[in-house]
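> here you go, sequence then predicted model.
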Amino acid sequence: MKFTSFPRLASLRPPPILLPARRFLALRPASPHVARQTIFSAPSYDIPLTQKAVTFDAIRGPITIQKAWPVTQPEELLPGQVLVRVVYTGVCHTDLHAWLGDWPLKNKLPLVGGHEGSGYVAAIGKQTNTDLKIGDAVGIKWLADSCLHCEECRKGYESSCAEAKNSGFSVDGSFQQWAVSYANHLTPLPDGFPLEEAAPILCAGVTVYKALKTAALATGEVVVVPGAGGGLGHLAVQYATAMGYRVIAIDSGEDKRALLASYGVEDFIDYTQGDVVKAVQELTGGHGAHASIVVASGAQAYEQALQYLRPHGALIAVGMPPDGDIKASVFWTVVKSHRIIGSYVGNRQDAIEALEIAAAGKVHTTFTIEDLDNLPSVFERMRAATLNGRVVLDCQ
């Protein structure tokens, strides 16, 4: 295991200035998947009566590829609702949890899952107050709707709204070609940003970006990312670098080391090869990390984080291991002034910022594109932990 001395002055870069994303598009390499897209922005769309959708009727029940699932027609849309022609949709572990039913929350049944959908506005419900227009490129996120009037919404904590609706959980989501969503929470996509690249940012990207903001770090401070080579983690290290932080990545295997090195990560700890806490301490001159953004799905990552944080350090809980608990010494939490904070997706502004950073070329998602019909296979590989990066489904 190779450790590098601390500090590294080259990492003390200023945080990004969030200018409109369209000003950066020329700096981005061309997407290798653009040629696959056959549906584009248009002033109107021919809306069919039926569509392809992937559904399940019971927890852990058969996952069905529906060929004639009904499409909500424009005249059926309620005020505030929008019909989106979904072009691409990401697949998240939350989608798998909904099918497995292993969360202490119940989702609707039957269910069309999915909450990382990118596509175009095809119809808008009558009496909807919105700036959206037919043909606008938009993103469907986990948070489908909220009241916008309660204290949580007013403070920007829309995901905590008592009336919140969640895409692919409490309302049908983006594993279909024509999805109903809500004008207040659809996210406009940056001009020219490829839809397939936007899809994973709408959940994974927004989630880790918000977690990093929650840590409230200063430029040059050290953030550890357990699970750095996964779907959330590989985005977290890139956002952390773009925000001016020094990253220590924790994962296992040479493939993950190589992936993270391609994103400029120099400090990598293989948790299977030694003492993680000792390794973090050595890489930080014995001081410990300023924050740990735990996106790993194992409870041990939380236990270790509390041991390698420096005084006033922050543990930001993102990954949700089944039946996992955070066990913290009250004495040392008080004496070291540790902060233990849960971070649950992001708000509307967080989503816009996360997309702008990605559109500026600061963050790139490792993903493969597969057909919507492949969702059952994706779930199988996700359960077996054999996926590298994200999977984006083609809904065309």
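Arrived safely, thanks for sending.
> the stretch 251-396 of the chain: strands as residue ranges?
In the stretch 251-396 of the chain, the segments counted as strands under DSSP state E, counting those that start in this stretch are 267-270, 289-294, 309-317, 339-342, 367-371, 390-394.
> the fourth one pairs with which strands?
To tie it back to what came earlier, the one meant is strand 339-342. Paired strands of strand 339-342, with direction, are strand 309-317 (parallel) (DSSP bridges).
> gap between the strand it pairs with and the chain center?
Counting by C-alpha atoms, centre = their mean, to the nearest Å, strand 309-317 is centred 22 Å from the centre of its parent chain.
> got the angle for it vs strand 289-294?
Taking axes from the mean of the first three to the mean of the last three C-alpha atoms, to 10 degrees, one finds strand 309-317 and strand 289-294 inclined to each other by 20 degrees.
> buried stuff in strand 309-317?
Across strand 309-317, burial judged by 16 or more other C-beta atoms under 10 Å covers 309, 310, 313, 314, 315, 316, 317. For the C-beta atoms, the positions are set from N, CA and C on the backbone; glycine is no exception.
> and for stretch 139-151?
By neighbour count with 16+ other C-beta under 10 Å, stretch 139-151 contains the buried residues 139, 140, 141, 142, 143, 144, 145, 146, 150.
> and which of these is nearest to residue 373?
When those are ranked by distance to residue 373 (C-beta to C-beta), residue 140 comes first, at 19.8 Å.
> where's that closest one relative to residue 247, distance?
From residue 140 across to residue 247, the span is 30 Å (C-beta to C-beta, to the nearest Å).
> same question, residue 340
In terms of C-beta to C-beta, residue 340 sits 21 Å off from residue 247.
> ditto for residue 321
As for residue 321, its distance to residue 247 is 22 Å (criterion: C-beta to C-beta).
> which one's more surrounded, the two?
Ranked by neighbour count (other C-beta atoms under 10 Å), residue 321 and residue 247 place residue 247 first, with 24 against 14.
> now the helix or strand hosting that one against strand 289-294, angle please.
In this assignment (DSSP states H and E), residue 247 forms part of strand 246-251. Strand 246-251 runs at 40 degrees relative to strand 289-294, counting by the same axes, to 10 degrees.
> which of the strands of the stretch 251-396 of the chain is buried the deepest?
Most buried of these by mean neighbour count (mean count of other C-beta atoms under 10 Å) is strand 289-294; its value is a mean of 28.
> run through who's touching that strand.
Strand 289-294 has contacts (C-beta atoms under 8 Å, 6 or more residues apart in numbering) with 208, 211-212, 215, 217, 221-227, 236, 240, 248, 280, 301-302, 305, 308-310, 312-319.
> show me which of those residues are buried.
208, 211-212, 215, 217, 221-227, 236, 240, 248, 280, 301-302, 305, 308-310, 313-319.
> in helices, which of those residues appear?
Those of those mapping onto helices are 208, 211, 212, 215, 236, 240, 280, 301, 302, 305, 308, per DSSP state H.
> residues contacting the last one?
If I follow you right, that is residue 308. By C-beta under 8 Å, 6+ apart, residue 308 lies in contact with 224, 276, 277, 280, 281, 288, 289, 292.
> if we use 6 Å, what do you get?
277, 280, 288, 289 (C-beta atoms under 6 Å, 6 or more residues apart in numbering).
> and which of these is nearest to residue 200?
Nearest to residue 200 among the contacts of residue 308, counting by C-beta to C-beta, is residue 289 at 26.1 Å.
> go ahead and confirm residue 172 touches residue 112.
Yes. Using C-beta atoms under 6 Å, residue 172 is in contact with residue 112, at 3.9 Å.
> beta partners of residue 181?
residue 82.
> hang on, isn't it packed against residue 82?
Yes. The criterion here is C-beta under 6 Å, and residue 181 meets it with residue 82 at 5.4 Å.
> for these two, indicate the residue with more neighbours.
Neighbour count, other C-beta under 10 Å: between residue 181 and residue 82, residue 181 has more, with 29 against 25.
> residues in contact with the more buried one?
Taking C-beta under 6 Å, 6+ apart as the test, what residue 181 contacts is 82, 84, 140, 144.
> could you rerun that using 10 Å?
Residue 181 sits next to 80-84, 86, 115, 117, 119, 121, 138-141, 144-145, 165, 167, 171-174 when contact means C-beta atoms under 10 Å, 6 or more residues apart in numbering.
> please narrow those to those residing in strands.
The strands, defined by DSSP state E, take in 81-84, 86, 117, 119, 121, 138-140, 144-145, 165 from the contacts of residue 181.
> ok, so of those, who is nearest residue 49?
Relative to residue 49, the closest of the ones in strands among the contacts of residue 181 is residue 83; by C-beta to C-beta it sits at 12.9 Å.
> what pLDDT does that closest one get?
Residue 83 carries a pLDDT value of 99.
> cool, and residue 384?
At residue 384, the model reports a pLDDT of 88.
> what do you get for the one 5 residues further on?
Predicted confidence (pLDDT) at residue 389: the value is 76.
> what's the local residue count around residue 216?
13.
> circling back: any shared contact partners between residue 172 and residue 112?
Counting by C-beta under 10 Å, 6+ apart, the residues touching both residue 172 and residue 112 are 53, 55, 69, 179, 180.
> per-residue confidence at the closest residue to residue 363 other than its chain neighbours?
Spatial nearest neighbour of residue 363, chain neighbours left out: residue 238 (4.4 Å); criterion: C-beta to C-beta, 6 or more residues apart in numbering. Residue 238 is assigned 98 on the pLDDT scale.
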